[in-house]
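Undergrad: using only what follows, build the 3D model:
(2 chains)
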Protein chains: 2
Amino acid sequence: MKLLEEKIKNDGKVLSDQVLKVDSFLNHQIDPQLMLEIGKEFARIFEAEGITKIVTIESSGIAPAVMAGLQMNVPVIFARKRKSLTLVDELISATVHSFTKNETNEISISKKYVNEIDRVLIIDDFLANGEAALGLVDIVQKSGAKVAGIGIVIEKSFQPGAQRLKELGLRVESLARIASLSNGEVTYINEIVEELI
Amino acid sequence: MKLLEEKIKNDGKVLSDQVLKVDSFLNHQIDPQLMLEIGKEFARIFEAEGITKIVTIESSGIAPAVMAGLQMNVPVIFARKRKSLTLVDELISATVHSFTKNETNEISISKKYVNEIDRVLIIDDFLANGEAALGLVDIVQKSGAKVAGIGIVIEKSFQPGAQRLKELGLRVESLARIASLSNGEVTYINEIVEELI
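TA: Residues are numbered from 1 along each chain as shown, chains lettered A, B, ... in the order given. The predicted structure is shown next:
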């Protein structure tokens, strides 16, 4: 997605070979107009999948997921990392390790909102090692619903997450696919491919 | 806001005299179309305030805040309850106690995104004791920015939050104002007022 790729190059900060900081428009400060465009793009890509629900994880997945839900006219459920006192229903849970935050969380959704008849689109802001996405896949599959696709805003393609999900036979679509963060620079997969042609 | 009031009566669950559960459309499952209407309503209410930024708190404030940001064409910043490894900038923090979750958090935003020239609209899903909103007010004021208003989706008017904020001279606008949750029923302030007329 051209607009997003340019935004990352202009406003993202490469902190190391592994870490890209996009907290000026995605995961601390949010650019609502960009989120709307991201939502439209997910709706376009997954149009034929018959999506009935979107599942994401708090907090940075919520903005792109809600905009996709608006475009696709389906509800969005965000998995919680901590239990709320008002979340008293039967829960479906999975364990997720976050390398960025260096902590392990049990993530949960209420059994009430996803079930056998659903075709679920999983959306998240980043895909790196795939821990969060795999946890969401686990939860959706435990609910009996079908994972109809995984939509990622930024994929760090040099880390194994996308591969791990594809090996499960899942459709993964990432709007920006980063091949490398070496030398303080963002290089996309499609830039390398273009060079090879 | 009629649409929201009806949604709460139809889909909300009164768990006790104090606790209203709205996790079917606001703080676990999200209704994106309703969030858009909420965003439009905040934009309408605060149109004359010259808002330059919206500040909210993860996680349930994000969806209504982003929709308001979309309508008002301003960025949204969400305060974090835990520190991310990529959030390395200078932070502005405040301490907030959540009665619902029974825990105390330090909430923070990066100094970079709010400053003297900003007129900030604070948005949150619930206003009860006012702890979260007061924490956000504290952070915005520490940044040097002006709090131009506070937009709340659901106010539990029988708890002291709204009063505490108004005593600081702040403009508080809540889209649904609940006078009571007694007898398992939601009663709005405007219903009581109508009865009195």
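Undergrad: what's around A:G151, how many residues?
TA: 28 (other CB atoms under 10 Å in any protein chain shown). Every residue, glycine included, has its C-beta placed from N, CA and C.
Undergrad: I'd say it and A:A68 touch.
TA: Yes - in this structure, A:G151 is within contact of A:A68 by CB atoms under 8 Å, at 6.8 Å.
Undergrad: next, show the common contact partners of those two.
TA: A:F42, A:L121, A:I123 (CB atoms under 8 Å, 6 or more residues apart in numbering or on different chains).
Undergrad: report pLDDT for A:T86.
TA: You'll see A:T86 listed with a pLDDT of 60.
Undergrad: now swap in the one 4 residues further on and tell me
TA: The predicted structure scores A:E90 at 90 on the pLDDT scale.
Undergrad: contacts only, for the closest residue to it other than its chain neighbours.
TA: Among residues not flanking A:E90 along the chain, A:K111 sits closest, at 4.4 Å (CB to CB, 6 or more residues apart in numbering or on different chains). With contact set as CB under 8 Å, 6+ apart, A:K111 has these partners: A:D89, A:E90, A:L91, A:I92, A:S143.
Undergrad: mark which of those residues are buried, thanks.
TA: Buried subset of the contacts of A:K111 (neighbour count, 16 or more other CB atoms under 10 Å in any protein chain shown): A:L91, A:I92, A:S143.
Undergrad: which one of these sits closest to chain B?
TA: Using CB to the nearest CB, A:L91 comes nearest to chain B of these, at 10.3 Å.
Undergrad: in the sheet, who's paired with the residue most central in space within chain A?
TA: Nearest residue to the geometric centre of chain A (CA atoms, centre = their mean): A:D124, 1.6 Å. For A:D124, the beta-bridge partners under DSSP bridges are A:I152.
Undergrad: list the contacts of it.
TA: A:D124 neighbours (CB under 8 Å, 6+ apart): A:T56, A:I57, A:S60, A:G61, A:A132, A:A133, A:L136, A:I150, A:G151, A:I152, A:V153.
Undergrad: what about the residues you listed, which are in helices?
TA: Judged by DSSP state H, helices contain the following of the contacts of A:D124: A:A132, A:A133, A:L136.
Undergrad: report the spatially nearest residue to the last one, omitting neighbours in sequence.
TA: Across the structure, with CB to CB, 6+ apart as the measure, the residue nearest A:L136 apart from its sequence neighbours is A:I122 (4.8 Å).
Undergrad: part of a strand, is the one you found?
TA: Yes - per DSSP: H, G, I helix; E, B strand; the rest coil, A:I122 lies within a strand segment.
Undergrad: mind checking pLDDT for it?
TA: 98.
Undergrad: likewise for the one 5 residues further on?
TA: Here the pLDDT value assigned to A:L127 is 97.
Undergrad: tell me the phi and psi of it?
TA: Taking degrees, to the nearest 10, you get phi -130, psi 120 for the backbone angles of A:L127.
Undergrad: that one: what's it in contact with?
TA: Counting by CB under 8 Å, 6+ apart, A:L127 touches A:A133, A:I150, A:I152, A:I154, A:E155, A:K156, A:Q159, A:G161, A:A162, A:L165, A:V172, A:S174.
Undergrad: surely the third one meets A:E173?
TA: Yes - at 7.1 Å, A:I152 counts as touching A:E173 under the criterion of CB under 8 Å.
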